[in-house]
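Trainee: can you look at this prediction? I've put the sequence above it.
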Amino acid sequence: MDDKKVEKLIAAEEKRQSEGLELIPSENYVSRDVLNAMGSVFTNKYSEGFPGKRYYGGQINTDKVEQLAINRAKSLFGADHANVQSHSGAPANEAVYHAWCDPGDTIMGMELSHGGHLTHGRPGTISAKLFNFVRYGIKDIETGEIGYNEMLATAKKTKPKIIIAGFSSYPRSLDYAKFAQIGKEVNAVLMADMAHIAGLIAAGVLPNPFDFGFHIITTTTHKTLRGPRGGMILSQGTVSNPFQPIDKKLKNLPTLIDRTVFPGIQGGPHMHTIAAKAVAFDEAMKPEFKVYARQILKNSKKLADELMKRGFKLITNGTDNHMMVADVVATFGIDGKVAEETLDEIGLTLNKQIIPDDPLPPYKPSGIRLGTPAITTRGLKEKDMVLIAEWMHQAIKNRRNNKKLAALSSEVKEFCLQFPLPSDKT
Ligand code: DSN
């Protein structure tokens, strides 16, 4: 590379990723093939429009690669349509709201501190300025059970146009059948934001919302799905010419969504990312991916058990998916920022996290959030979860003892070097 400054930073980041353990539940390590597609000449191409209907010439290969990504996504999730152009999860959610709602309409999502995502109506976001968000949340903090009766009562009162089932920090499973019942009663479109668990759904180790009558699924492609940084919108209905205006009817959702993504919200799709999405979807169809997804869940359960054995207070007392949230104020009397920074010092990367009805602010919240998708890609198994829980406990307990932290850091580094990044494997 001619640019030595950037080359050095890429090398430093490779070293950081190799020598530490990535426990942020929304991150993962992609394969060399995904990286190669991302770094391909497709990055040079403008392709505004859709396969077979573009505003620029020279689309012989982009049309094929986008159609391949669409076909693979549809078959992976059992959808009638896939829009693979969304740049990420936030614009994917935004596109769905605008495809189906008018400004001022009501949308129902999970209470943010209970696990909902910023794009599910956090005040200050563009969507919260345009739409009226109402909430459902956890009824029993010890089990994580959602208050479905309260949710139905709110839905009947506020008549949401869309009900979102989805989260970014909820360690339990949602009851999609109950969502579907409520949606039916109030005539709402059912949207699952499965950004965190898309890979687990694709592998069949967690239920697919489409099997319960959901109309739309939005997701990012870079979390458990282990693809490039990007987004996608899957929907049920009939696909028609996206350049023709169309009525707001359920059966037209695929076309309404396509028209909202382009030209509604985005310009040219990122064809190099779409090529990498196609590669990742193919990888996710392979039998090895099912084994990977099952191992994510086994590792997560084991890590949760080992943390609880060491006294960590986990929100909902465990996990059903790939992530866990720990209340570190209740456990150690420190906030999530201090815990995050302490663990970073020994090479364990996770993130500070607000907990349900957190009395502390988001930048210094009461919790931390961690998960197993990336370390499972790296090849770690249940026995390694015991080590991670012990390192976390030791580091937090000895957070003022620099010598102990340095020793733990060396131990973590030595351990990590046995597990090369997938992109380093030949
Ligand atoms: N930032 C992602 C996460 O970490 O959950 C969600 O967008």
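Mentor: Nice, thanks for sending it over.

Trainee: residue ranges with poor pLDDT in this structure?
Mentor: Residues of the chain that meet the criterion pLDDT under 70 lie in 425-426.

Trainee: what parts of it come near the ligand?
Mentor: Applying CB under 6 Å from any ligand atom, one finds that the chain approaches the ligand through 26, 89, 117, 168. From N, CA and C alone the C-beta is placed, and that goes for glycine too.

Trainee: so which of the residues you listed is the most crowded?
Mentor: Highest neighbour count within the residues of the chain next to the ligand: residue 89, with 30 neighbours (other CB atoms under 10 Å).

Trainee: thought residue 195 was touching that one, still the case?
Mentor: Yes - taking CB atoms under 8 Å as the definition, residue 89 is a contact partner of residue 195 at 4.6 Å.

Trainee: what do those two both touch?
Mentor: Each of 117, 218, 219, 220 lies in contact with both residue 89 and residue 195 under the rule CB atoms under 8 Å, 6 or more residues apart in numbering.

Trainee: thinking again about what came up before, narrow the residues of the chain next to the ligand to those in strands?
Mentor: Among the residues of the chain next to the ligand, no residue falls in strands (DSSP state E).

Trainee: and the residues you listed, which is closest to residue 4?
Mentor: residue 26 (31.6 Å; CB to CB).

Trainee: name the SS class of the residue nearest to that closest one when sequence neighbours are not counted, please.
Mentor: The spatial neighbour of residue 26 that comes closest, neighbours along the chain excluded (CB to CB, 6 or more residues apart in numbering), is residue 223 at 4.9 Å. Here residue 223 takes the coil state, with states given by DSSP: H, G, I helix; E, B strand; the rest coil.

Trainee: residues in contact with the residue in the stretch 1-150 of the chain that the ligand sits nearest to?
Mentor: Closest approach of the stretch 1-150 of the chain to the ligand (CB to the nearest ligand atom) occurs at residue 26, with a separation of 3.3 Å. Contact partners of residue 26, counting by CB under 8 Å, 6+ apart, are 168, 195, 196, 220, 222, 223, 371.

Trainee: out of those residues, which is most surrounded?
Mentor: Compared across the contacts of residue 26, residue 371 has the highest neighbour count, 31 neighbours, by other CB under 10 Å.

Trainee: hang on, isn't that residue packed against residue 28?
Mentor: No - distance between residue 371 and residue 28: 9.9 Å, which falls outside the contact criterion (CB under 8 Å).

Trainee: so what does the helix or strand hosting residue 181 touch, helix or strand wise?
Mentor: With the criterion set as DSSP states H and E, the secondary-structure element containing residue 181 is helix 176-186. Counting contacts by 3 or more CB pairs under 8 Å, 6 or more residues apart in numbering; DSSP states H and E, helix 176-186 packs against helix 148-158, strand 162-166, strand 189-193.

Trainee: buried residues in it?
Mentor: 176, 178, 179, 180, 182, 183, 186 (16 or more other CB atoms under 10 Å).

Trainee: check stretch 326-334 too.
Mentor: 326, 327, 328, 329, 331, 332, 334.

Trainee: tell me which of these fall in strands.
Mentor: Among the buried residues of stretch 326-334, the members falling in strands are 326, 327 (criterion: DSSP E).

Trainee: what is the most widely separated pair among the shared contacts of residue 89 and residue 195?
Mentor: Among the shared contacts of residue 89 and residue 195, the pair separated by the greatest distance (CB to CB) is 117 and 219, at 11.6 Å.

Trainee: name the residues contacting each of the two.
Mentor: What both residue 117 and residue 219 touch, as defined by CB under 8 Å, 6+ apart, is the set 89, 193, 195.

Trainee: which residue packs closest to the first one, ignoring adjacent ones?
Mentor: Among residues not flanking residue 89 along the chain, residue 220 sits closest, at 4.0 Å (CB to CB, 6+ apart).

Trainee: contacting residues for the one you found?
Mentor: The neighbourhood of residue 220, defined by CB under 8 Å, 6+ apart, consists of 26, 88, 89, 92, 195, 198, 229, 230, 231, 232.

Trainee: now the buried members of those residues.
Mentor: By neighbour count, with 16+ other CB under 10 Å, the contacts of residue 220 hold 26, 88, 89, 92, 195, 198, 229, 230, 231, 232 as buried.

Trainee: check the gap between the residue in the stretch 51-200 of the chain that the ligand sits nearest to and residue 193 for me.
Mentor: Ranked by CB to the nearest ligand atom, the top residue of the stretch 51-200 of the chain for proximity to the ligand is residue 168, at 3.6 Å. With distances defined as CB to CB, to the nearest Å, the gap from residue 168 to residue 193 amounts to 8 Å.

Trainee: touching both of those two, which residues are there?
Mentor: Common neighbours of residue 168 and residue 193 (criterion: CB under 8 Å, 6+ apart): residue 117.

Trainee: re earlier: my read is that the residue nearest to residue 26 contacts residue 198, right?
Mentor: Yes - between residue 223 and residue 198 there is a contact at 6.6 Å, judged by CB under 8 Å.

Trainee: hmm, who's touching whichever helix or strand residue 35 is part of?
Mentor: Element membership of residue 35 [criterion: DSSP H and E] is helix 32-38. Applying CB under 8 Å, 6+ apart, the set of residues contacting helix 32-38 from outside is 30, 226-228, 272-273, 275-276, 278-280, 283, 422-423, 425.

Trainee: buried residues in that helix?
Mentor: Of the residues in helix 32-38, those buried under the neighbour-count criterion (16+ other CB under 10 Å) are 34, 35, 37, 38.

Trainee: ok, now stretch 50-59?
Mentor: Residues of stretch 50-59 classed as buried: 50, 51, 54, 59 (neighbour count, 16+ other CB under 10 Å).

Trainee: identify the residues contacting residue 362.
Mentor: Applying CB under 8 Å, 6+ apart, one finds that residue 362 lies in contact with residue 354.

Trainee: surely it is in a strand?
Mentor: No - inclusion of residue 362 in a strand is not indicated when three-state DSSP is applied; the result is coil.
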